[in-house]
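K.L.:
Curious how this folds, go ahead:
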Amino acid sequence: MSSTDHATDGTRPLGVAVIGYSFMGKAHSNAWRNVGAFYPDVPPVRQQVLVGRDPAAVKTAAERYGWAESATDWAEVIGRDDIDIVDICTPGHLHADIALAALAAGKHVLVEKPLANTVAESEAMVAAAASATGRSMIGFNYRRVPALALARQLIADGRIGQVRQVRAAYLQDWLSDETAPMTWRLRRDEAGSGALGDLGSHVIDQLHSLLGERVVTARGRLQTFVPERDGSEGREQVTVDDAAWATLETASGVVASVEVSRMATGRKNGLSLEVYGSEGALSFDLERLNELGVDDGTGMRRVLVTEESHPYLAAWWPPGHTLGWDHTFTSQAADLLTAIANDVAPAPSFEDGLAVQRVLSAIEASDARSGTCVDV
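P.N.:
Down below sits the predicted model:
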């Protein structure tokens, strides 16, 4: 009997390993710590091990975030019988290697977005997931924002008619200061791309999720405003984009304008979406994530998405008691555990992640061809 078979037969909690202990590792640790409290019907989990390169730092993080132990060798951890779920929160250049090893070992796998740094790596992950015994999911946590999940329902129900166009932007300012230091997110060999992959992947996944169809053509432009920054060993070249723009079109003809930037002065985490249909419209702002603007033909009105009948809200608080960004990761963990328990494919899948990666690649290819239209 494999470790996964043993874990899902009810004899012990599912052992979780999170690879990476920084920003995303912290967010995912919080989710695994709380998922059983708010979703008591999902299979129980044990926060078994937190993995990172720095022994002292990862040990401190493990103790702070509630892990039973820490480790520095992800390959050794993946091979352990007490690990059933491998949650990958590393820089993108490690996603494929860790995921492929974990799937080969029969583990369930959750990978933070974007799926990988290249289309080829993503395709290899999709192929491995198709033949694996463990379940696999990509971590597009914004699918679990109740207001966005409600928007998806309203569009699917035809409440705004035929969708014609979308405006989408994801704007941050943490790099707007040109003296901000170098980080792995600014190195292409580690991050894959800059604002395009980091922020644009969320936007593209939301387009696919909200519209129920995928982007088929792309025109794009990328810009690096600060080409060098100070690193630990002196000035270092920035090899990714600071901002990106794209015009995208879906198979049914919906046109979407997309803008992403990590140098938008004054914007902290501004994901905004506007969806315009033949009979109405929807609007959303992540910095007001409990609200959805709805125009069903009588003008735009604010809907406070905190009712028990709204998506994901039954697990949380009474009406009017708002949720935060961190709650999306807890709901994400619950969705994965529910899929494992029911032996069904979780969503979004590695295939969904590959679809996003192909759009990112098409935008880059368009930029390289001076903005010509590229098929996805």
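
K.L.:
quick one, strands of the stretch 1-150 of the chain?
P.N.:
14-19, 45-51, 69-71, 85-88, 108-112, 136-139 (DSSP state E, counting those that start in this stretch).

K.L.:
Make TSV from these and add mean pLDDT, mean neighbour count and distance to residue 155 to it.
P.N.:
For glycine as for every other residue, the C-beta is placed from the backbone atoms N, C-alpha and C. Putting the strands of the stretch 1-150 of the chain into TSV (pLDDT from 0 to 100; neighbours: other CB atoms under 10 Å; distance: least, CB to CB, whole Å) gives the following:
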stretch	mean pLDDT	mean neighbour count	distance to residue 155
strand 14-19	98	26	34
strand 45-51	98	23	33
strand 69-71	98	19	44
strand 85-88	98	27	30
strand 108-112	98	26	26
strand 136-139	98	28	21
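
K.L.:
Go through these and name the closest to residue 306.
P.N.:
Proximity to residue 306 (CB to CB) singles out strand 136-139 among the strands of the stretch 1-150 of the chain, at 23.9 Å.

K.L.:
So what's the gap between that closest one and the chain middle?
P.N.:
8 Å (CA atoms, centre = their mean, to the nearest Å).

K.L.:
That strand packs against which elements?
P.N.:
Applying 3 or more CB pairs under 8 Å, 6 or more residues apart in numbering; DSSP states H and E, one finds that strand 136-139 contacts strand 108-112, helix 327-342, helix 350-368.

K.L.:
Recalculate using a threshold of 6 Å.
P.N.:
On a contact count with 3 or more CB pairs under 6 Å, 6 or more residues apart in numbering; DSSP states H and E, strand 136-139 meets strand 108-112.

K.L.:
returning to what we had before: include distance to residue 130 when you put the strands of the stretch 1-150 of the chain into TSV, please.
P.N.:
As requested, the strands of the stretch 1-150 of the chain are exported to TSV (distance: least, CB to CB, whole Å):
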stretch	distance to residue 130
strand 14-19	22
strand 45-51	25
strand 69-71	29
strand 85-88	18
strand 108-112	13
strand 136-139	9
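
K.L.:
Could you pull out the helices in the stretch 1-150 of the chain for me?
P.N.:
Under the criterion DSSP state H, counting those that start in this stretch, helices of the stretch 1-150 of the chain are mapped to 3-7, 23-38, 55-65, 74-78, 95-104, 119-131, 146-156.

K.L.:
want to throw those into TSV with mean pLDDT and distance to residue 49?
P.N.:
Converted to TSV, these look like this (pLDDT from 0 to 100; distance: least, CB to CB, whole Å):
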stretch	mean pLDDT	distance to residue 49
helix 3-7	46	13
helix 23-38	98	11
helix 55-65	98	8
helix 74-78	98	6
helix 95-104	98	13
helix 119-131	98	22
helix 146-156	98	32
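
K.L.:
In a markdown table, list those along with mean neighbour count and distance to residue 312.
P.N.:
A markdown table is the format used below for the helices of the stretch 1-150 of the chain (neighbours: other CB atoms under 10 Å; distance: least, CB to CB, whole Å):
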| stretch | mean neighbour count | distance to residue 312 |
| --- | --- | --- |
| helix 3-7 | 19 | 25 |
| helix 23-38 | 20 | 10 |
| helix 55-65 | 16 | 23 |
| helix 74-78 | 18 | 30 |
| helix 95-104 | 22 | 26 |
| helix 119-131 | 18 | 25 |
| helix 146-156 | 21 | 5 |
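
K.L.:
Switch these over to a markdown table; also include distance to residue 277.
P.N.:
Listed next are these as a markdown table, based on distance: least, CB to CB, whole Å:
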| stretch | distance to residue 277 |
| --- | --- |
| helix 3-7 | 43 |
| helix 23-38 | 33 |
| helix 55-65 | 43 |
| helix 74-78 | 46 |
| helix 95-104 | 36 |
| helix 119-131 | 31 |
| helix 146-156 | 8 |
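
K.L.:
Out of these, which is closest to residue 226?
P.N.:
helix 23-38 (21.3 Å).

K.L.:
residues making contact with that closest one?
P.N.:
Contact partners of helix 23-38, identified using CB atoms under 6 Å, 6 or more residues apart in numbering, comprise 16, 18, 44-45, 47, 65-66, 87, 89, 112, 315, 326, 329-330, 333-334.

K.L.:
repeat that for 7 Å
P.N.:
16, 18, 42, 44-45, 47, 50, 65-67, 87, 89, 112, 315-316, 326, 329-330, 332-334, 337 (CB atoms under 7 Å, 6 or more residues apart in numbering).

K.L.:
do stretch 73-88 as well
P.N.:
3-4, 7, 14-19, 28, 48-49, 51, 71, 95, 98-99, 101-102, 105, 107-112.

K.L.:
With residue 151 as the reference, measure out to the residue most central in space within the chain.
P.N.:
Nearest residue to the geometric centre of the chain (CA atoms, centre = their mean): residue 140, 2.6 Å. Distance, residue 140 to residue 151, by CB to CB, to the nearest Å: 15 Å.

K.L.:
Repeat that for residue 123.
P.N.:
For residue 123 relative to residue 151 (CB to CB), the value is 30 Å.

K.L.:
what does residue 212 give?
P.N.:
12 Å.

K.L.:
now do residue 284
P.N.:
In terms of CB to CB, residue 284 sits 6 Å off from residue 151.

K.L.:
Check residue 242 too.
P.N.:
Remark: distance between residue 242 and residue 151 (CB to CB) = 29 Å.
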